[in-house]
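Student: just the structure for this:
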Amino acid sequence: MTEKLSILQNVLGAYYMSNTEYLFKCPYCGHHKNKLSVNVEKGVFKCWICDARGKNLYRIIRKFGSIDDQQRWKVISGTRTDLTDFESLFAEDEQEEVREQILEMPPNFVSLCNKNKSRRPLAYLKKRGIDEIDILRWKIGYCSGGPYDGRIIIPSFNASGDLNYFVARTFTNDYRRYLNPSVSRDIIFNELYLDFDEEITIVEGVFDAIKTTNAVPILGSTIRENSKLFRKIAMHDTPVLLALDPDAKYKSLNIKNLLLKYGIQVREVTYPQIDKDLGDMTKEEVHKLSVEARKIEQFDSLVEQIMSI
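Tutor: The predicted structure is shown next:
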């Protein structure tokens, strides 16, 4: 513990003790008083000014410390239960990076950001509560012919800005609502625009993601230890707001258990109506749910698991 305290002092500066905790100046809000409370033994921290908090001290070391600080922390932590060895646990080899999925826009794609655009797809989006700012932010378009004719196209871009997926949703009366490309869904949808240093909202579909901020849809799939999204969350120790559909309780439980297993901070929205998901709500309603979301502890997840048996 003395070595860890030495590293924290190197990163955060001078401290003083209060009972069993150490008080540092908070690097998140920069308050002039020592308001960041750190319990080295339990590995937790909380700022009494900006409410920055976490269950993994390495999050502070990685964000504000030097490479030397990070390496020293890993060495003294040994085989970790608090995520300090994720770099090796989830390291992707060079071959996997070469196989990065890159697509092209579907034939006859027309951007709805252009002046010459059809009114019908715009009317459909407006009906779903999606405005022109959303269209611009998500680069939404539609297809005027070809295999995706009559479908809204919502593209996804990887961290390098390459197209790695797109969602194709009909705005006509086609019986098949979605006709997405037959490629891997193990992607981070619109990774280019996500900030993993802030809370990430995990939702089911892309229309849910449009209604909130810093959100990633899992496209009807789930999150596993070897998935790209989980690796990214774990590497950054990113707090998660879970907002899957109300009828996805079993899937939500599995994802919560996985995140909590690795010490990821989790909050979850509570729906007032079980027949209404984020995509059916206004942005104001979604924001209210996000603000009121409850923090999930390991005990809560265990009780939920027992109740579901």
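Student: neighbours around D208, how many?
Tutor: 23 (other Cβ atoms under 10 Å). All C-beta atoms are positioned from the backbone trio N, CA, C, and that covers glycine.
Student: just to check, it is in contact with A243?
Tutor: Yes: in terms of Cβ atoms under 8 Å, D208 counts as a neighbour of A243; the distance is 7.0 Å.
Student: which neighbours do these two share?
Tutor: Common contacts of D208 and A243, defined by Cβ atoms under 8 Å, 6 or more residues apart in numbering, comprise 215, 278.
Student: how near is I218 to V183?
Tutor: 15 Å (Cβ to Cβ, to the nearest Å).
Student: more neighbours: the two, which one.
Tutor: Using other Cβ under 10 Å, the more surrounded residue of I218 and V183 is I218, with 23 against 13.
Student: I'd say that one and E204 touch.
Tutor: Yes: in this structure, I218 is within contact of E204 by Cβ under 8 Å, at 6.6 Å.
Student: where along this structure do the strands fall?
Tutor: Counting by DSSP state E, residue ranges of the strands within the chain are 16-18, 21-24, 36-39, 44-47, 53-54, 109-111, 141-143, 151-157, 163-170, 200-203, 215-217, 240-243, 266-268, 294-296.
Student: according to the record, where do the domains of the chain fall?
Tutor: Domain segmentation of the chain under automatic domain parsing yields 2-89, 109-170, 194-307.
Student: select, out of these, the one closest to E100.
Tutor: domain 109-170 (6.6 Å; Cβ to Cβ).
Student: straight-line length of the closest one, end to end?
Tutor: In domain 109-170, first residue to last residue: 14 Å (Cα to Cα, to the nearest Å).
Student: what comes up buried for the lengthiest helix in the chain?
Tutor: Longest helix in the chain by number of residues (criterion: DSSP state H): helix 249-261. By 16 or more other Cβ atoms under 10 Å, the buried positions in helix 249-261 come out as 251-260.
Student: what lies in contact with stretch 152-160?
Tutor: So stretch 152-160 is contacted by 100-102, 105-106, 109, 121, 124-125, 138-143, 163-171, 187-193, 206 (Cβ under 8 Å, 6+ apart).
Student: residues in contact with the residue nearest the centre of the chain?
Tutor: In the chain, the centroid-proximal residue (Cα atoms, centre = their mean) is I200; its distance is 3.0 Å. By Cβ under 8 Å, 6+ apart, the contact list for I200 reads 194, 214-216, 233, 238-241.
Student: E268 now?
Tutor: E268 neighbours (Cβ under 8 Å, 6+ apart): 241-243, 252, 256, 293-294, 296.
Student: select only the buried ones of these in PyMOL?
Tutor: To isolate the buried members of the contacts of E268 in PyMOL, using 16+ other Cβ under 10 Å:
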select buried, resi 241+242+243+252+256+293+296
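Student: now render the contacts of E268 as a markdown table, adding distance to K55 and pLDDT.
Tutor: Putting these into a markdown table (distance: Cβ to Cβ, whole Å; pLDDT from 0 to 100) gives the following:
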| residue | distance to K55 | pLDDT |
| --- | --- | --- |
| L241 | 16 | 97 |
| L242 | 16 | 97 |
| A243 | 21 | 96 |
| S252 | 20 | 94 |
| K256 | 14 | 95 |
| A293 | 17 | 94 |
| R294 | 16 | 93 |
| I296 | 12 | 91 |
